[in-house]
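K.L.:
sequence plus predicted model, see below.
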There are 2 protein chains.
Amino acid sequence: MTRARRSWVDVPAGSDFPLQNLPYGIFSDARSGPRAGVAIGAQVVDLHALARRGLLDDAAPDPVGLLSSPTLNAFLEAGRGVWRAVRERLVDLLAEGGNPALRADPDGVLVPMADATLHLPVAVGDYVDFYSSLEHATNLGRMFRPDGDPLLPNWRHLPVGYHGRSSTIVVSGTGVPRPRGQRLVDGEVVFGPTQALDFELEVGFLTGGPANALGQPVTAGDAREHIFGMVLVNDWSARDVQAWEYQPLGPFLGKSFATSISPWVVPLAALEPYLVRGPEQAPPPLAYLAAEEPWNVDLHLQVALETDAMRAGGQPPAVVSRTNAALLYWSMAQQLAHATANGAVARPGDLFASGTISGAAEGSRGSMIELTWQGQQPLRLPDGSRRGFLEDGDRVVLTGWCGDDGRPRVGFGDLWNVVQPAAP
Amino acid sequence: MTRARRSWVDVPAGSDFPLQNLPYGIFSDARSGPRAGVAIGAQVVDLHALARRGLLDDAAPDPVGLLSSPTLNAFLEAGRGVWRAVRERLVDLLAEGGNPALRADPDGVLVPMADATLHLPVAVGDYVDFYSSLEHATNLGRMFRPDGDPLLPNWRHLPVGYHGRSSTIVVSGTGVPRPRGQRLVDGEVVFGPTQALDFELEVGFLTGGPANALGQPVTAGDAREHIFGMVLVNDWSARDVQAWEYQPLGPFLGKSFATSISPWVVPLAALEPYLVRGPEQAPPPLAYLAAEEPWNVDLHLQVALETDAMRAGGQPPAVVSRTNAALLYWSMAQQLAHATANGAVARPGDLFASGTISGAAEGSRGSMIELTWQGQQPLRLPDGSRRGFLEDGDRVVLTGWCGDDGRPRVGFGDLWNVVQPAAP
């Protein structure tokens, strides 16, 4: 393995953001409002400032215009040619020996991440949530339908999914109010704050390029033209609300109160070295779902919990689950091909999430309902407290990174949110 | 009953668009691109032109800016005070004896509807589809779950619903390509064009006013501040795809290929005289779903079909179903209160559809699957053909109107689309 190229910008050891990553986000600071940036080490590269200096000329048509809006949607729409050219230019500018003028005068271009507020990176048009982990689908099937086969007959034939609510997609750091809802208690229908608030550890991809025309699917072979990059996703869930409402039309209010995503979108280009083949699929998928190339990501994932008391006592969040996205049965290319197989349109900025990612081992399950088996086996936390589901004040921290093997670490930063009490 | 006020603009007998309606839409013509308009008789009032003449001054802040964009979203966001003031102004300008200067020189403000192209009136953020007709839910339950109770235990406690796909919401007149999908044929999983293409006769409302904050529900009592108006909705469905995919997470590709809406949005203000109480609800709804005021609409609805051969032979579309939206078990105020009860955000331009509206009589069912009972009792059409489900070239025409009783007719115009062959 050749030694990885380094940046003249300082990248602390263990950083999620070396030169090999360069994830995109939207940030603001005291100087200016929300605009596009790229993370490197502990800095944000202000793409709008870079464009105004003329340093992105020829990498994109009208780079100043493309990168001045408060979302990444226009950049996503610009397509793979532009994504590639801008990424190559950024590497040229930021690598050791890169642009001396920028290095001599980085002021206004490099913003310390500590001074930046991170915003939702895209305006999500449609949000699809899949159900692509075999272990998660099996666990949920056992709990929600104890009398039947946990895996329904369609599961191994197509990536089961549903549409979630876009209006409640929020960025890391946003408070998540405990939702109210209808639930059954001892056979009585009651309404009030959920008693079974849960996280779901997921990853997702954002689509880009011009939208496909109505009636014209995106094939698995074309997926690279339409998948811009990935985010971490926490698909917050109210299990008691979900259990009562979900038949026959699927999850609705048990999910629609909040979905949080990481502020940094890691481009597919940065993930290419970590793409691997997924689990063997039996039966083999139909032709429209066949993807020749590896489309799973060897992406380490982790969930940590921190209670109010742990925070007050200076205790770090306690890791409650460790798993890997490579386990997913259905890949991103298959998910996108399926979601558009009926001619549905994928617009720039649409979010397709994986569904909860669980491994086979108990400590690798991606939700509280699985980790505690419906609250019956509570988690014990370092402050001595126990958790069947989440309590007010709990902070949930999702992390994800590629490269535990000497290769550059390509990560997403933290996706964290604190549970707030239900509004009065 | 006092005689209804009339307009100086000619309104042909039987028109959906008298002075009492004034529905909003987005239109373009040879002169200019997409902009806001209001229908009256066979004319479109160009709101942008009206604003530029200064005739909407004081009715809205910056009326020119508010009405120049190619969607109604900004106008919807402006809120009920602005909707009311603009409507009052329009009535003043267009009523007999109204603005003499405008009447003397309507050029550039009145555009013949025949010269106008109608566009999607709003950019829909999130699209929710409910399931609020007792008769429809019962019919579908009998077909999809023949061994169980047709109505699931939650149905009378909450308005069951799910999120649909916003990217494929299209306006009347848009061709609907036949979707491909997975389905079961004699126990084999196959992929190809649906063999069970269906329409669904629905109505929907569009939300407006500033979005509610995350975690802060819109109550049933506040619904008037947030419901701008209504559209006709055809929730196109592929029944074979739906039947195979829908468990356990609900409808996905069986619905997401197309949802069409009427070009005209009838404001709630025009529908107020036709609001009635809905069916008695037993058990009585929980407090958060209690709506004191009448929130159902006495809205006549009709579906007509026209085949290629009928069109060629000059035969008019054949009416295959007649029903009324007043039958809906769950009302608009209840639907909105429920959908936001968990704190989910309703943005200006979100669409909430009723679900298929079916009556008890056979001729009042709002979908082919019900009218033909899964294709087993085909419809006979005037050209001698039979239909279990829709065929390529079929034109589906939905119409809806209030006032069959001497009161002004307040209608939506036609919502029609032609089925196109699956893309090669």
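P.N.:
Done, it's in. Numbers count the residues shown, from 1 in each chain, chains lettered A, B, ... in the order given.
K.L.:
run through the strands of the stretch 251-400 of chain A in chain order.
P.N.:
For the stretch 251-400 of chain A, the strands defined by DSSP state E, counting those that start in this stretch cover A:259-261, A:266-267, A:275-276, A:296-297, A:300-306, A:318-324, A:351-353, A:379-380, A:386-387, A:395-402.
K.L.:
can you list those strands in CSV and add mean pLDDT?
P.N.:
Formatted as CSV, the strands of the stretch 251-400 of chain A follow (pLDDT from 0 to 100):
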stretch, mean pLDDT
strand A:259-261, 98
strand A:266-267, 98
strand A:275-276, 98
strand A:296-297, 98
strand A:300-306, 98
strand A:318-324, 98
strand A:351-353, 98
strand A:379-380, 97
strand A:386-387, 97
strand A:395-402, 98
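K.L.:
turn these into TSV, columns for mean neighbour count and distance to chain B.
P.N.:
Every residue, glycine included, has its C-beta placed from N, CA and C. Listed next are those as TSV, based on neighbours: other Cβ atoms under 10 Å in any protein chain shown; distance: least, Cβ to the nearest Cβ, whole Å:
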stretch	mean neighbour count	distance to chain B
strand A:259-261	28	11
strand A:266-267	27	23
strand A:275-276	16	26
strand A:296-297	24	22
strand A:300-306	21	21
strand A:318-324	20	21
strand A:351-353	25	12
strand A:379-380	14	25
strand A:386-387	14	21
strand A:395-402	23	17
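K.L.:
for those, which one sits closest to B:A196?
P.N.:
strand A:351-353 (26.5 Å; Cβ to Cβ).
K.L.:
which other helices and strands contact the closest one?
P.N.:
Helices and strands touching strand A:351-353, by 3 or more Cβ pairs under 8 Å, 6 or more residues apart in numbering or on different chains; DSSP states H and E, are strand A:127-130, strand A:201-207, strand A:227-234, helix A:332-340.
K.L.:
those into CSV, with extra columns for mean pLDDT?
P.N.:
Shown next, in CSV, are the helices and strands packed on strand A:351-353 (pLDDT from 0 to 100):
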stretch, mean pLDDT
strand A:127-130, 98
strand A:201-207, 98
strand A:227-234, 98
helix A:332-340, 98
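K.L.:
between these, which one is closest to B:V9.
P.N.:
Per Cβ to Cβ, nearest to B:V9 of these: strand A:127-130, 43.6 Å.
K.L.:
residue in chain A nearest to chain B?
P.N.:
In chain A, no residue comes nearer to chain B than A:G250, which is 2.3 Å away by Cβ to the nearest Cβ.
K.L.:
isn't that residue right up against B:G250?
P.N.:
Yes: between A:G250 and B:G250 there is a contact under Cβ atoms under 8 Å: 2.3 Å.
K.L.:
overlap in contacts of the two?
P.N.:
Contact criterion Cβ atoms under 8 Å, 6 or more residues apart in numbering or on different chains; residues shared by A:G250 and B:G250: A:Y162, B:Y162.
K.L.:
for chain A, which spans come out with low pLDDT?
P.N.:
A:1-2 (pLDDT under 70).
K.L.:
who are the contact partners of the residue nearest to the spatial centre of it?
P.N.:
Most central in chain A under Cα atoms, centre = their mean is A:L232, positioned 2.1 Å from the mean C-alpha point. Residues in contact with A:L232 (Cβ under 8 Å, 6+ apart) are A:E202, A:V203, A:G204, A:I261, A:S262, A:L301, A:L398, A:T399, A:G400, A:F412, A:L415.
K.L.:
so what's the fifth one up against?
P.N.:
For A:S262, the residues meeting the contact criterion (Cβ under 8 Å, 6+ apart) are A:V171, A:S172, A:V231, A:L232, A:V233, A:L398, A:G400, A:F412, A:G413, A:D414, A:L415.
K.L.:
let me have those in TSV, adding distance to B:F75 as columns.
P.N.:
Shown next, in TSV, are those (distance: Cβ to Cβ, whole Å):
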residue	distance to B:F75
A:V171	29
A:S172	34
A:V231	33
A:L232	37
A:V233	34
A:L398	39
A:G400	42
A:F412	39
A:G413	39
A:D414	40
A:L415	36
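K.L.:
which pair in the residues you listed has the greatest spatial separation?
P.N.:
Most distant of these, by Cβ to Cβ, are A:V171 and A:G400, 15.6 Å apart.
K.L.:
okay, and the beta partners of the residue nearest to the centre of chain A?
P.N.:
A:V203 (DSSP bridges).
K.L.:
hmm, back to that, just put the strands of the stretch 251-400 of chain A in CSV and tack on distance to B:Q334.
P.N.:
Formatted as CSV, those follow (distance: least, Cβ to Cβ, whole Å):
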stretch, distance to B:Q334
strand A:259-261, 25
strand A:266-267, 43
strand A:275-276, 48
strand A:296-297, 43
strand A:300-306, 37
strand A:318-324, 39
strand A:351-353, 29
strand A:379-380, 38
strand A:386-387, 35
strand A:395-402, 33
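K.L.:
quick check: residues of the stretch 251-400 of chain A near chain B?
P.N.:
A:251-254, A:256-258, A:286-288, A:338-339, A:341-347, A:350 (Cβ under 8 Å from any Cβ of the partner chain).
K.L.:
quick one: buried ones out of the residues you listed?
P.N.:
A:251-254, A:256-258, A:288, A:338-339, A:341-347, A:350 (16 or more other Cβ atoms under 10 Å in any protein chain shown).
K.L.:
how deep is the residue of chain A closest to chain B tucked in, by neighbour count?
P.N.:
Burial of A:G250 is recorded as 27 neighbouring residues (other Cβ atoms under 10 Å in any protein chain shown).
K.L.:
in which helix or strand would I find it?
P.N.:
Following DSSP states H and E, there is no helix or strand that holds A:G250.
K.L.:
which phi and psi does it have?
P.N.:
phi 100, psi -180 (degrees, to the nearest 10).
K.L.:
list the contacts for it?
P.N.:
With the criterion set at Cβ under 8 Å, 6+ apart, A:G250 makes contact with A:Y162, B:Y162, B:Y246, B:P248, B:L249, B:G250, B:P251.
K.L.:
just the closest of these to B:N296, please.
P.N.:
For the contacts of A:G250, the nearest to B:N296 is B:Y162 (21.9 Å; Cβ to Cβ).
K.L.:
can you count the residues close to the closest residue to that closest one other than its chain neighbours?
P.N.:
Spatially, and ignoring its direct neighbours in sequence, B:Y162 is nearest to A:L249 (4.1 Å; Cβ to Cβ, 6 or more residues apart in numbering or on different chains). A:L249 has 22 neighbours, counted by other Cβ under 10 Å.
K.L.:
one more: A:G81?
P.N.:
12.
K.L.:
can you read off the backbone torsions of it?
P.N.:
Torsion angles, degrees, to the nearest 10, at A:G81: phi -60, psi -40.
K.L.:
wait, what's in contact with A:V176?
P.N.:
A:V170, A:W236, A:F257, A:A258, A:S260, A:N417, A:V418, A:V419, A:Q420.
K.L.:
for stretch A:9-29, C-alpha coordinates in CSV please.
P.N.:
Presented in CSV, the C-alpha positions along stretch A:9-29 are these (Å, rounded to 0.1, in the frame of the first residue of the first chain):
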residue,chain,number,x,y,z
VAL,A,9,-3.9,21.7,6.6
ASP,A,10,-3.3,20.0,10.0
VAL,A,11,-5.3,16.8,10.4
PRO,A,12,-5.1,15.5,14.0
ALA,A,13,-4.6,11.8,14.5
GLY,A,14,-7.9,9.9,14.5
SER,A,15,-9.7,12.7,12.6
ASP,A,16,-12.6,11.6,10.5
PHE,A,17,-11.6,14.2,7.9
PRO,A,18,-8.2,13.6,6.2
LEU,A,19,-7.5,14.7,2.6
GLN,A,20,-9.0,11.4,1.4
ASN,A,21,-12.5,12.3,2.8
LEU,A,22,-13.5,15.9,2.0
PRO,A,23,-17.2,15.6,3.0
TYR,A,24,-19.6,18.4,2.0
GLY,A,25,-21.8,20.3,4.4
ILE,A,26,-23.5,23.6,5.0
PHE,A,27,-22.2,25.9,7.7
SER,A,28,-22.4,29.4,9.0
ASP,A,29,-20.3,31.5,11.3
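K.L.:
I'm done for today, thanks for sticking with me.
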